[in-house]
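[1] here's my sequence, what's the structure:
(one chain, ligands or ions: 1)
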Amino acid sequence: MTLRLPQLIAGAFAQSDSEHWMAVTDPATQQVLCEAPAATPDEIERAVTSARAAFERWREVPVSERARLMMRYQALLKAHQEEIAVGLSRETGKTFEDAKGDVWRGIEVVEQAANVPALMMGETLGNVARGIDTHSWTQPLGVCAGITPFNFPAMIPLWMFPLAIACGNAFVLKPSEQDPMTPNRLAELFLEAGAPPDLLQVIHGGREQVDALLTHPQIAAVSFVGSVAVGQHVYRTATDHLKRAQCFAGAKNHMVVMPDADPKQVVNALVGAACGAAGQRCMAISVAVFVGSARECIEPLTAAFADLRPGAWDDPDAAYGPQISPQAKARILDLIARGKAEGATCRLDGSDCQVAGLPDGNWVGPTLFTEVTPKMSIYREEIFGPVLCCLCVDTLDEAIALVNESPYGNGTSIFTASGAAARRYQQQVEVGQVGVNVPIPVPLPFFSFTGWKGSFYGDQHAYGKQAVRFYTETKTVTSRWFEEEAVAGPNLSIQLQ
Ligand code: NAD
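    Purely as a prediction, here's the structure:
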């Protein structure tokens, strides 16, 4: 019998009454690991109503107690890091080392959530007028919802619910239907850490379930991470229903290589940043821009790409795993074919990739294109596979102009030995996360994850201080205490001091 994944609703993990179930498969073998339900309207209603009731109690719990829950949760996640990573590897295909990283980057956000008392502190100023003082508090919003993608099934849910809950909210999570087992495990451990059982609700499903959350009057705020088209839909629908929304979307990240950059560092950085996790990272480098003589890196880079071999999650020699689904693989192969048809030179073609003993896996070999132009589909579209597009320009200014013309703005990096070039790049580039000799500049959780342009819709970003602002309202209190009995009478005009 295929395992049927339960949902966490109203304080208990239980089987759905749904008639629609979606198979969750091992992407290296197509073996069905479990089935996830498409939550029924009744189940979604129960989840939201129960979360609202939990919020009414949780908002009264002292902030230090909320922080302590996060400390216990962080310790439990650490103790279970390897076990979570094994399950995560099986349903995503990620190599074990990479899966441990996925869990670790989430744990770091939980650590940050344990700092919530300091993060939530407001402002205060005495004597703003004679005998009058003002202070501000940050207070939770109510029930927040999170909709997460397949590519980081531990890290991205952990970007959301720990901070939202530490701030005093309740949370409804709708994880990706492609790898929902890891988020369920995160929720089990949250209960084990002593969380009130109805504070976090986990429902499963796809578009219909997401739309039900986006239009539900009791949901105050929506955090979304996923593709551009869905991100735009979520942002429009949530804001149209007068909700706060933060939507992190797709990307096309450029790495600019200056002629003075160390070629070995450049090759290592590009191999890891383009092919790690089979290119299925929103911060992956998918475009390399070589300035002037830096184009000499292309030969050794192609050789290094050719040495990479995908494989099963538990194969210690595998550089990366399979694509998440046969559909994702087919899309990538179609884009590779379009790249060739549109005139790019495919120096290395991973379309026909086999892995011994795993004939049914969604394998795509490392692929490298040169002579790419900005009009080509492989340049314009997010490929989300181990495919690198190489372009050559003559100057740093041309490189900056190219990056700035991209509709995306998630991440970028520059490799150079020149402080002046690095400074000009970080000052002028219109991208929200910039690395200087760091290929994937994902900020640690005391900063925020600050994608720009078509890679983000909203204003307050994920984790760090911005997430605390996103998950709270500011209340500003102005107070006066009378010392004397005597009252001068009503005052009908604005007081000047
Ligand atoms: P996706 O957009 O297909 O799915 C994301 C979530 O939206 C899932 O929970 C899914 O069930 C739901 N969904 C799918 N179609 C929907 C629809 N029509 N209406 C409402 N909800 C819908 O994304 P994915 O393939 O799971 O993830 C990969 C994408 O996520 C890539 O584009 C990647 O760049 C992006 N991503 C962005 C960031 C970032 O921080 N900017 C981080 C990780 C991933």
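[2] phi, psi for residue 382 please.
    phi -70, psi 120 (degrees, to the nearest 10).
[3] that one contacts residue 231, correct?
    No - applying CB atoms under 8 Å as the test, residue 382 and residue 231 come out as separate, 11.6 Å apart. Where you see a C-beta, it was placed from the backbone N, CA and C, and this is true even at glycine.
[4] give me the common contacts of these two.
    When CB atoms under 8 Å, 6 or more residues apart in numbering defines a contact, the residues bordering residue 382 and residue 231 alike are residue 250.
[5] more neighbours: these two, which one.
    The residue with more neighbours, out of residue 382 and residue 231, is residue 231; 25 against 20, by other CB atoms under 10 Å.
[6] residue 256 belongs to a strand, doesn't it?
    Yes - counting by DSSP: H, G, I helix; E, B strand; the rest coil, residue 256 is part of a strand.
[7] that one pairs with what?
    Beta bridges link residue 256 to residue 289, residue 414, judged by DSSP bridges.
[8] show me what from this structure comes close to the ligand.
    147-152, 174, 176-177, 206-207, 210, 225-227, 230, 233, 248-251, 282, 382, 384, 410, 451, 455 (CB under 6 Å from any ligand atom).
[9] residue of the stretch 51-200 of the chain nearest the ligand, please.
    The minimum distance from the stretch 51-200 of the chain to the ligand, using CB to the nearest ligand atom, falls at residue 149 (3.1 Å).
[10] residue 155 is in contact with that residue, correct?
    No - using CB under 8 Å as the test, residue 149 is too far from residue 155 to be in contact (10.5 Å).
[11] show me where the stretch 1-150 of the chain has strands.
    Using DSSP state E, counting those that start in this stretch, the strands of the stretch 1-150 of the chain run over residues 7-9, 12-14, 21-25, 32-37, 124-129, 132-140, 143-147.
[12] so, low pLDDT: which residues of the protein?
    The chain contains residues with pLDDT under 70 at 485-487, 496-497.
[13] let's verify the most centrally placed residue in it: helix, strand, or coil?
    The chain has residue 156 as the residue nearest its centroid, 4.7 Å off, counting by CA atoms, centre = their mean. Residue 156 falls in the helix class when you classify it by three-state DSSP.
[14] which residue sits closest to it in space, ignoring its chain neighbours?
    With sequence-adjacent residues excluded and distances taken as CB to CB, 6 or more residues apart in numbering, residue 156 is closest to residue 148, at 4.6 Å.
[15] kindly report the same for residue 375.
    Nearest one to residue 375, counting by CB to CB, 6+ apart, is residue 342 at 7.8 Å.
[16] how close does that neighbour sit to residue 332?
    15 Å (CB to CB, to the nearest Å).
[17] settle it for me: which of these two has more neighbours?
    Set residue 342 next to residue 332 and count neighbours by other CB under 10 Å: residue 332 wins out with 24 against 14.
[18] show the subsequent helix or strand relative to the helix or strand that contains that one.
    Element membership of residue 332 [criterion: DSSP states H and E] is helix 326-341. Going down the chain from helix 326-341, the next helix or strand is strand 345-348, by DSSP H and E.
[19] partner strands of the helix or strand that that following strand is followed by, with direction?
    As assigned by DSSP H and E, the chain's next helix or strand after strand 345-348 is strand 367-370. Take DSSP bridges as the rule and strand 367-370 pairs in its sheet with strand 345-348 (antiparallel), strand 387-393 (parallel).
[20] what ranges do the helices span in the stretch 51-200 of the chain?
    63-79, 81-92, 96-113, 116-120, 155-166, 181-192 (DSSP state H, counting those that start in this stretch).
[21] for residue 399, find the nearest of those.
    helix 96-113 (29.0 Å; CB to CB).
[22] which strands or helices does that closest one pack on?
    helix 63-79, helix 81-92, helix 155-166 (3 or more CB pairs under 8 Å, 6 or more residues apart in numbering; DSSP states H and E).
[23] can I get those helices in TSV with distance to residue 375?
    As requested, the helices and strands packed on helix 96-113 are exported to TSV (distance: least, CB to CB, whole Å):
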stretch	distance to residue 375
helix 63-79	46
helix 81-92	33
helix 155-166	33
